[in-house]
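S.K.: Turn this into a model:
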Amino acid sequence: MRGAQQREHEAKFEVNSSQFASLLSQTTALEGYTSRTTGVHSHLDTYLDSPAYDLLRHGVALRVRRNGAAYETGMKSIEAKRDGAIQDRMDVTTPLPEEAQPFDATTWPDAVKEQLHDYAVKLDEIHPILVVRQQRHKANLSTPDMHRELAEWSLDEVWISLDEDEHSRPAHFHELEIEMLAPKDNESAAPQDEGAFTELVSQVQNQYDLTPVYESKLVRGLDSAITQAHDNQLAISAEMELEAAGRLLLHRQLLQICLNEHGVRYSKKSGYVHDMRVAVRRALVALQLCRLAIFNNTLDPYQKELRRLGHALGTVRDLDVAIANLRTFGSSLPEDQRRALKKMRNTLKSRRRHARTELLELLDSKKHRKFIIEIGQFCTAPAQVQGDSIRHEVTPSQVRHTIPSMIQQAFESVRCYEVVFSDGNLPELATFHALRKQAKNLRYLLEFTEHLLGPDGQELIAQVQGLQEHLGELNDARIEEERLHKWAEKTKMDEALGGAIDARLTQSGKRIEELSAATPERLNAFVNANARRKLATALANL
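M.R.: Here you go, the predicted model:
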């Protein structure tokens, strides 16, 4: 992460109400540690970003903290390196001079402006996005054999809201934060200090049976802010208007798209590309709900940009899968074939670098930035008011009146494929891929309403997920087989590579046959009479 000039080394734990009371009275009950209470501190933190969430999308949280009459800015990396419960992340704090306006970035010190410049954010667009109030019970911990204090213990009560309005309904939770104190004069911590801190964290976690928290307050706050922006609805309800439900679901997927972008940009882990792609697909299904309530072209630009983004992510993701599969396969080959296969992997890596460059160009484009702003505004806009009508007809507009038929229709779009397997013959592989897309659409609709469908709904989700993953493996094998055939034509003169390709084609061909042959039984298990009864029972809960 660029601009990482300072680090924080800490552990955070979830704390329920009873644990909070116990911890509050037992801060000195840790065997082998002495405690120096530093008091109860109240903090008011305002998180800021641009309308396009430029900082969030680069994995950075920007905070202005008020301590009495003084203000300071803080820039943190949203994700951290983990070692058990301990996290290490960028944390750059800069006091604001008295003449600076705390929420006008154009008046901030040059050092802060330079850090923000790294993320191509316009200073005059930065504005508050949520407020975090904390009451922190603090103490410093040390051991008898240390010449300085080891860590700060902070037992926090936290409220998160969209603004400072006292009448809002903020999210409320408790948290324990243990942060390693830096040595004086900004010296690096000695290895024995880090070992002592690890021991302390482990003892606290085990003694109080605590669960680590890895999400930053900004991420938890943004999730809470979505709830508050949608009439404090955590999830869709049966009585919710379909348009409002669609906007809420779309808003949650938009957050996931933004949260995964920094990993797509900076991380070598392929999971970010996968998760961002899934969020795009879910967002497209959420748009389907909105389309039933909004009968104009408002949604067309959003759908177009989501599909463009999904295609770019899909290209990178398919290459990730291909590279990983070849790496696994290559480990079982003779040395000469393994070296030859490495040439193919290197070519795929080159293609991935090119595909990733195109993806980043899309993410950096003015068009995409405009899309993030406009779809965010759509998600939080009031539902369209229907015109005053003197008609006596009532049209379906609530979740309970519309989504059951959508789920039923999506189920029918999966079940109809039983026809192509009825004569005992297997269709072309493209048909399996088409079935997979229908199964994926049904899965997302079921997952959107899982909390409303009861136990039968949960069983159906597990079944359709298994079917989708089965078909996904088949599709990955199909794509790889097509690629290998093209390679085989181009590399006839390379005996070692040709042998490696032939071996892989034999292996993938066998796997394709196995997966294809197993599909009819898997499909039947999902659409048989028993499954249909479960679906009917689940939909009756709506």
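S.K.: Point out where this protein drops to low pLDDT.
M.R.: Scanning the chain for pLDDT under 70 picks out the ranges 1-5, 26-29, 165-168, 184-191, 384-391, 493.
S.K.: ok, 50 please
M.R.: 1-5, 28 (pLDDT under 50).
S.K.: what's whichever helix in the chain runs longest packed up against?
M.R.: Identified as the longest helix of the chain according to DSSP state H is helix 450-490. Counting contacts by 3 or more CB pairs under 8 Å, 6 or more residues apart in numbering; DSSP states H and E, helix 450-490 is packed against helix 300-330, helix 429-448, helix 495-527, helix 529-540. Using the backbone N, CA and C atoms, a C-beta is placed for each residue, glycine as well.
S.K.: buried residues in the shortest one?
M.R.: Within helix 529-540, the residues that qualify as buried by neighbour count (16 or more other CB atoms under 10 Å) are 531, 534-535, 538-539.
S.K.: go on, the second one?
M.R.: Judged by neighbour count using 16+ other CB under 10 Å, the buried positions of helix 429-448 are 429, 432, 434-436, 438-448.
S.K.: For Thr106, which non-adjacent residue is closest in space?
M.R.: Computed as CB to CB, 6 or more residues apart in numbering, the closest residue to Thr106 that is not its neighbour in sequence is Leu123, at 4.8 Å.
S.K.: now the helices for the stretch 251-400 of the chain?
M.R.: 271-291, 300-330, 335-364, 366-380, 399-415 (DSSP state H, counting those that start in this stretch).
S.K.: Could you look over those helices and pick the most buried one?
M.R.: helix 271-291 (a mean of 21; mean count of other CB atoms under 10 Å).
S.K.: That one: how far from the chain's middle?
M.R.: 11 Å (CA atoms, centre = their mean, to the nearest Å).
S.K.: what residues does that helix touch?
M.R.: Contacts of helix 271-291 with the rest of the structure, by CB atoms under 8 Å, 6 or more residues apart in numbering, involve 242-243, 245-247, 249-250, 253-254, 256-257, 260-264, 299, 302-303, 306-307, 309-310, 313-314, 316-317, 320, 402-403, 406, 440-441, 444-445, 448.
S.K.: CA atoms only: put it into PDB for me.
M.R.: These are the backbone C-alpha positions of helix 271-291, laid out as PDB (Å, rounded to 0.1, in the frame of the first residue of the first chain):
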ATOM      1  CA  GLY A 271     -10.000 -14.200  -4.400                       C
ATOM      2  CA  TYR A 272     -10.600 -10.400  -4.800                       C
ATOM      3  CA  VAL A 273     -11.300 -10.800  -8.500                       C
ATOM      4  CA  HIS A 274     -13.600 -13.700  -7.800                       C
ATOM      5  CA  ASP A 275     -15.500 -11.900  -5.000                       C
ATOM      6  CA  MET A 276     -15.800  -8.700  -7.000                       C
ATOM      7  CA  ARG A 277     -17.200 -10.600 -10.000                       C
ATOM      8  CA  VAL A 278     -19.700 -12.400  -7.700                       C
ATOM      9  CA  ALA A 279     -20.900  -9.000  -6.400                       C
ATOM     10  CA  VAL A 280     -21.400  -7.800  -9.900                       C
ATOM     11  CA  ARG A 281     -23.500 -10.800 -10.800                       C
ATOM     12  CA  ARG A 282     -25.600 -10.400  -7.600                       C
ATOM     13  CA  ALA A 283     -26.000  -6.700  -8.500                       C
ATOM     14  CA  LEU A 284     -27.400  -7.600 -11.900                       C
ATOM     15  CA  VAL A 285     -30.000  -9.900 -10.300                       C
ATOM     16  CA  ALA A 286     -30.900  -7.100  -7.800                       C
ATOM     17  CA  LEU A 287     -31.500  -4.900 -10.900                       C
ATOM     18  CA  GLN A 288     -34.100  -7.500 -12.000                       C
ATOM     19  CA  LEU A 289     -36.200  -6.700  -9.000                       C
ATOM     20  CA  CYS A 290     -36.000  -3.000  -9.600                       C
ATOM     21  CA  ARG A 291     -37.000  -3.500 -13.300                       C
END
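S.K.: how's this structure carved up into domains?
M.R.: If you go by automatic domain parsing, the domain ranges for the chain are 7-224, 244-382, 396-542.
S.K.: Could you dump the ones you listed into JSON lines and include distance to Ala238?
M.R.: JSON lines is the format used below for the domains of the chain (distance: least, CB to CB, whole Å):
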{"stretch": "domain 7-224", "distance to Ala238": "22"}
{"stretch": "domain 244-382", "distance to Ala238": "10"}
{"stretch": "domain 396-542", "distance to Ala238": "4"}
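S.K.: and Asn232, which of these is closest to it?
M.R.: domain 7-224 (5.6 Å; CB to CB).
S.K.: for the host helix or strand of Gln192, packing partners?
M.R.: Using DSSP states H and E, Gln192 falls within helix 191-208. Counting contacts by 3+ CB pairs under 8 Å, 6+ apart, helix 191-208 packs against strand 7-15, helix 17-25, strand 86-95, strand 171-180.
S.K.: Of these, which is nearest Ile461?
M.R.: Of all these, strand 7-15 comes closest under CB to CB, at 26.3 Å.
S.K.: Within the sheet, what are the partner strands of the closest one, with directions?
M.R.: When pairing is defined by DSSP bridges, strand 7-15 lines up against strand 86-95 (antiparallel), strand 171-180 (antiparallel), strand 211-212 (antiparallel).
S.K.: just to revisit the earlier point, and which of the buried residues of helix 429-448 is nearest Ile236?
M.R.: Nearest to Ile236 among the buried residues of helix 429-448, with distances taken as CB to CB, is Phe448, at 6.7 Å.
S.K.: State whether that closest one and Leu249 are indeed in contact, as I suppose.
M.R.: Yes - in this structure, Phe448 is within contact of Leu249 by CB atoms under 8 Å, at 5.7 Å.
S.K.: Now for the two: what residues contact both?
M.R.: Taking CB under 8 Å, 6+ apart as the contact rule, Phe448 and Leu249 both touch 236, 286.
S.K.: The closest residue to Arg400 other than its chain neighbours: neighbour count?
M.R.: Closest residue to Arg400 apart from its sequence neighbours, by CB to CB, 6+ apart: Ala238 at 4.0 Å. Ala238 has 15 neighbours, counted by other CB atoms under 10 Å.
S.K.: and Ala238, that one's in a strand?
M.R.: No - using DSSP: H, G, I helix; E, B strand; the rest coil, the secondary structure at Ala238 is coil, not a strand.
S.K.: Next up, phi/psi of it, please.
M.R.: In terms of degrees, to the nearest 10, the main-chain angles of Ala238 are phi -60, psi -30.
S.K.: List the contacts of it.
M.R.: Ala238 neighbours (CB under 8 Å, 6+ apart): 398-400, 452, 542.
S.K.: and those, which two are the farthest apart?
M.R.: Gln398 and Leu452 (12.1 Å).
S.K.: returning to that earlier point: pull the residues that contact the helix holding Gln192.
M.R.: Here helix 191-208 makes contact (CB under 8 Å, 6+ apart) with 9, 11, 13, 19, 22-23, 30-31, 33, 83-86, 141, 143, 146, 150-151, 176, 178, 180, 183, 189, 210, 212.
S.K.: Write a PyMOL command that selects only the buried members of the residues you listed.
M.R.: Buried members of those can be picked out in PyMOL with the line below, counting by 16+ other CB under 10 Å:
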select buried, resi 9+11+13+19+23+30+33+85+86+141+150+151+176+178+180+189+210
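S.K.: circling back to that earlier point, quick one: closest of the helices and strands packed on helix 191-208 to Lys366.
M.R.: strand 86-95 (27.7 Å).
S.K.: and the angle from the closest one to helix 191-208?
M.R.: Inter-element angle recorded for strand 86-95 and helix 191-208: 110 degrees (by axes from the mean of the first three to the mean of the last three CA atoms, to 10 degrees).
S.K.: Tell me, how many residues neighbour Ala120?
M.R.: 12.
S.K.: Am I right that it is in contact with Asp54?
M.R.: Yes - applying CB under 8 Å as the test, Ala120 and Asp54 come out as touching, 6.5 Å apart.
S.K.: Identify whichever of the helices and strands packed on helix 191-208 lies nearest to Glu358.
M.R.: That would be strand 86-95 among the helices and strands packed on helix 191-208, by CB to CB, at 28.3 Å.
S.K.: Noted, bye for now.
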